[in-house]
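# coordinates only, sequence not included:
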């Protein structure tokens, strides 16, 4: 005869045994997110996270303790400003356009100057079903390390063998000029990296100009300061516009709530702050959607005016459309 109490006791152990037998996966989901924008299909592809460390280092004009307080009030770590790297792939139906490339590995150890969490773009492109050889054009907001160093691999070979590369002429000249290796310590590596990556495409460069289309539906907008030739891009289809803001603002709290704060990696910090305030005001007033390179994944949302600054409203995750 079966002992009912013993049977129940044995059954009670089954969930524990099942839990113990399930190992942790320890693998993140592939970093890509796809949605429709009018007639276009857009895919945000992650290059990984970019940690800046203590906020005082990245935001040198912030009053002591205020940056940490703002981060804490937004339930963010106050001791390490963490940025995303959201590269956009736009399928217009005729062309496949990649905006910015992430860090890559073209510069060897220097490619990990911000740590080992960057350089994921190519793997995530393939996970999203996008062959790098299918990219028709790489559009650069500017040629800093985290935006152009994956144009080539460690051996200097083109990662996007069939692509043109679009950027501003002033940035091309500035960031491939060895005479500009002065000032902050990072300038030498930044210029060496831009030179190596851009020179591989010298016969395929396209110069962007303010308020002119780069390809149909994508218009360049001059937004100088972070670099002297920094551009953002208005992506328009079916009467709706989304602003690819590049490095207009690096952080969704610190530089929106305090848009006049300066950022350590700006070429002209004061001009960058003025441009940021002007362009964010324009985006908020027009009610356009915005995709930001460094905002929380996948970087899609809207900006509104709030007090002396702005607020970020993350778009709901939706696998088909973003409103």
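Cool, got the structure. Fair warning: this is a prediction, and the values are worked out from it, not measured in the lab.
# mind listing the helices in the stretch 51-200 of the chain by residue range?
55-58, 66-73, 121-127, 145-148, 169-175, 187-199 (DSSP state H, counting those that start in this stretch).
# among those, which is nearest residue 206?
helix 169-175 (10.2 Å; C-beta to C-beta). No exception for glycine: its C-beta is placed from N, CA and C like everyone else's.
# In terms of secondary structure, what does the closest one contact?
Applying 3 or more C-beta pairs under 8 Å, 6 or more residues apart in numbering; DSSP states H and E, we find helix 169-175 packed against helix 187-199, strand 205-207.
# Run through who's touching the longest one.
Looking back up the chat, that one is helix 187-199. 104, 106-107, 110, 113, 143-145, 148-152, 156, 165, 167, 172, 175-178, 180-181, 205 (C-beta atoms under 8 Å, 6 or more residues apart in numbering).
# Going by neighbour count, list what's buried in it.
Buried residues in helix 187-199, counted by 16 or more other C-beta atoms under 10 Å: 189, 190, 191, 192, 193, 194, 196, 197, 198.
# same check, this time on stretch 240-249
241, 242, 243, 244, 245, 246, 247, 248, 249.
# Run through the stretch 201-323 of the chain and note the low-pLDDT ranges.
Residue ranges of the stretch 201-323 of the chain with pLDDT under 70: 318-323.
# ok, 50 please
Residue ranges of the stretch 201-323 of the chain with pLDDT under 50: 319-320, 322-323.
# And the helices in it?
Applying DSSP H, counting those that start in this stretch to the stretch 201-323 of the chain gives helices spanning 254-257, 269-286.
# What ranges does the stretch 1-150 of the chain have for its strands?
When secondary structure is read from DSSP state E, counting those that start in this stretch, the stretch 1-150 of the chain shows strands at 32-37, 40-46, 50-51, 82-83, 86-91, 96-99, 137-139.
# can you put the ones you listed in a markdown table and add mean pLDDT?
Shown next, in a markdown table, are the strands of the stretch 1-150 of the chain (pLDDT from 0 to 100):
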| stretch | mean pLDDT |
| --- | --- |
| strand 32-37 | 96 |
| strand 40-46 | 98 |
| strand 50-51 | 96 |
| strand 82-83 | 96 |
| strand 86-91 | 98 |
| strand 96-99 | 98 |
| strand 137-139 | 98 |
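# Tell me which of the ones you listed sits nearest to residue 277.
Residue 277 sits nearest to strand 82-83 of all those, at 20.1 Å, using C-beta to C-beta.
# who does the closest one touch, helix- and strand-wise?
Using 3+ C-beta pairs under 8 Å, 6+ apart, strand 82-83 is in contact with strand 50-51.
# Count the residues that sit near the closest residue to residue 194 other than its chain neighbours.
Distances taken as C-beta to C-beta, 6 or more residues apart in numbering place residue 175 nearest to residue 194, at 3.9 Å, with adjacent residues excluded. When neighbours are defined as other C-beta atoms under 10 Å, residue 175 has 26 of them.
# does residue 175 really touch residue 143, like I thought?
Yes: when contacts are counted by C-beta atoms under 8 Å, residue 175 is listed as touching residue 143 (4.7 Å).
# hey, what's in contact with both of those two?
194, 198, 227.
# export those residues to a markdown table and tack on distance to residue 64?
Formatted as a markdown table, the shared contacts of residue 175 and residue 143 follow (distance: C-beta to C-beta, whole Å):
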| residue | distance to residue 64 |
| --- | --- |
| 194 | 34 |
| 198 | 39 |
| 227 | 28 |
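# so who does residue 91 touch?
Counting by C-beta under 8 Å, 6+ apart, residue 91 has contacts 40, 41, 42, 43, 97.
# how about a cut-off of 10 Å?
34, 36, 37, 39, 40, 41, 42, 43, 97, 130, 134, 136 (C-beta atoms under 10 Å, 6 or more residues apart in numbering).
# Pull out the buried residues from those residues.
Looks like these have 34, 36, 37, 40, 42, 43, 97, 130, 134, 136 buried, using 16+ other C-beta under 10 Å.
# so who does the last one touch?
Under the criterion of C-beta under 10 Å, 6+ apart, the contact partners of residue 136 comprise 91, 92, 94, 95, 96, 97, 98, 160, 162, 163, 164, 215.
# Cool, thanks, talk later.
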